[in-house]
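In: only geometry, no sequence info:
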């Protein structure tokens with residue numbers, strides 16, 4: 001599934017950009033490896049990466065805590081934990097400030113800790129999501145993106161979208177600023193309450209929805225005229241992206257704690273970003289509208 005999704009997304013991006021992804025096949029000391037595909041300095045995207053990995057071996061308790069949303073059962077006394085993980089992860093940063101960034105990640109985990117080891121029981125679960133991070137709000141774009149996510153969720157459970165939409169808003173919170181990284185989407189973790197084949201089908205449906213949710217928006221916005229002020233604002237929002245990924249993102253922590261390839265782990269970061277001291281957008285401006293939506297999540301559907 002993850003290899004198929006990687007191929008589909010990369011083909012769609014190449015068709016729009018006119019440039020090709022660089023492919024990097026890597027192995028992980030301790031077990032497994034992956035395929036990283038990165039397009040850099042393209043015609044449309046400043047940086048786009050689509051990575052797949054299948055890794056296994058043992059991980060320290062802090063990596064296990066990063067892998068799970070529910071950490072209440074995890075204790076350091078569990079020692080190193082045998083695990084298997086497979087997933088696809090992608091981030092795409094367009095050049096045009098009116099074209100949005102998107103991130104998606106879908107993954108499967110299992111642990112095989114002996115039953116007499118307290119703190120990390122044998123378990124399996126699915127996790128992931130797709131979220132939308134524009135620098136400027138076009139209501140029709142945000143609604144389109146959320147509608148595609150809702151459609152994928154509704155095929156399996158009508159309660160999924162509202163539950164996972166809220167989870168997304170809560171997860172991508174930059175706590176030290178009191179604002180979200182973007183305008184949300186869906187996010188879920190520790191999902192193991194149904195037949196695993198059914199949950200694999202759900203994750204597959206979500207991964208297969210990315211192209212329809214994202215590519216038409218980029219095609220619509222990639223040639224929009226912009227000013228240097230628009231570009232500066234995009235760079236400030238990229239700075240927020242960097243802050244979240246380096247400080248709060250559990251995927252980054254898991255990759256670093258399990259000895260993943262550093263270039264692939266930090267693939268999500270943009271080529272460039274900007275920080276200004278105490279920057280405040282003018283109230284009522286388009287920039288202020290975006291920041292307000294990041295501080296106060298909205299219902300888009």
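Out: Perfect, I can see it now. Keep in mind the model is a prediction, meaning the values are calculated, not measured. Numbers count the residues shown, from 1 in each chain.
In: list the contacts for residue 258?
Out: Going by C-beta atoms under 8 Å, 6 or more residues apart in numbering, residue 258 touches 28, 30, 55, 57, 59, 63. (Each C-beta comes from the backbone N, C-alpha and C, glycine too.)
In: so where's the stretch 201-301 of the chain uncertain?
Out: For the stretch 201-301 of the chain, residues meeting the criterion pLDDT under 70 lie at 260.
In: what about residue 130, which helix or strand?
Out: Assigned by DSSP states H and E, residue 130 belongs to strand 123-133.
In: each with direction, which strands does that strand pair with?
Out: The pairing partners recorded for strand 123-133 under DSSP bridges are strand 101-111 (antiparallel), strand 185-191 (antiparallel).
In: closest one to residue 83 among those strands?
Out: Closest to residue 83 of the strands paired with strand 123-133, according to C-beta to C-beta: strand 101-111, at 5.0 Å.
In: where along the stretch 151-300 of the chain do the strands fall?
Out: Using DSSP state E, counting those that start in this stretch, the strands found in the stretch 151-300 of the chain span residues 173-174, 179-180, 185-191.
In: run through who's touching the second one.
Out: If I follow you right, that is strand 179-180. 169, 172, 173, 174, 240, 291, 294, 295, 297.
In: before we move on, back to that, now the strands of the stretch 151-300 of the chain as a markdown table including mean pLDDT and distance to residue 47?
Out: What follows is the strands of the stretch 151-300 of the chain, written out as a markdown table (pLDDT from 0 to 100; distance: least, C-beta to C-beta, whole Å):
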| stretch | mean pLDDT | distance to residue 47 |
| --- | --- | --- |
| strand 173-174 | 96 | 21 |
| strand 179-180 | 97 | 21 |
| strand 185-191 | 96 | 20 |
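In: let's have those strands in JSON lines, adding mean neighbour count and distance to residue 48.
Out: Compiled in JSON lines, these are given as follows (neighbours: other C-beta atoms under 10 Å; distance: least, C-beta to C-beta, whole Å):
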{"stretch": "strand 173-174", "mean neighbour count": "16", "distance to residue 48": "23"}
{"stretch": "strand 179-180", "mean neighbour count": "22", "distance to residue 48": "22"}
{"stretch": "strand 185-191", "mean neighbour count": "21", "distance to residue 48": "17"}
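In: can you lay out the ones you listed as TSV showing distance to residue 219?
Out: Putting the strands of the stretch 151-300 of the chain into TSV (distance: least, C-beta to C-beta, whole Å) gives the following:
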stretch	distance to residue 219
strand 173-174	29
strand 179-180	26
strand 185-191	19
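In: please identify which of these is closest to residue 281.
Out: strand 179-180 (12.0 Å).
In: state the pLDDT value of residue 77.
Out: For residue 77, the pLDDT comes out at 54.
In: I should have written residue 156 there, sorry.
Out: pLDDT, residue 156: 97.
In: give me the number of residues near it?
Out: Counted with other C-beta atoms under 10 Å, residues neighbouring residue 156 total 16.
In: burial of the closest residue to it other than its chain neighbours, as a residue count?
Out: Nearest residue to residue 156 in three dimensions, chain neighbours excluded: residue 202, at 4.8 Å (C-beta to C-beta, 6 or more residues apart in numbering). Neighbourhood size, residue 202 [other C-beta under 10 Å]: 22.
In: ok now the strand holding residue 130, how far from the chain's centre?
Out: From the chain centre to the centre of strand 123-133 is a distance of 8 Å (C-alpha atoms, centre = their mean, to the nearest Å).
In: kindly report the same for stretch 180-196.
Out: Centre to centre, stretch against its chain (C-alpha atoms, centre = their mean), the figure for stretch 180-196 is 11 Å.
In: indicate which one of the strands of the stretch 151-300 of the chain is closest to residue 164.
Out: Of all these, strand 185-191 comes closest under C-beta to C-beta, at 3.9 Å.
In: what lies in contact with the closest one?
Out: Outside of strand 185-191, the residues within contact range by C-beta under 8 Å, 6+ apart are 68-70, 125-132, 145-146, 149, 152-153, 160-161, 163-165, 167-168, 171-172, 199, 202, 206.
In: separate out the buried members of these.
Out: 68, 125-132, 145-146, 149, 152-153, 160-161, 164-165, 167-168, 171-172, 199, 202, 206 (16 or more other C-beta atoms under 10 Å).
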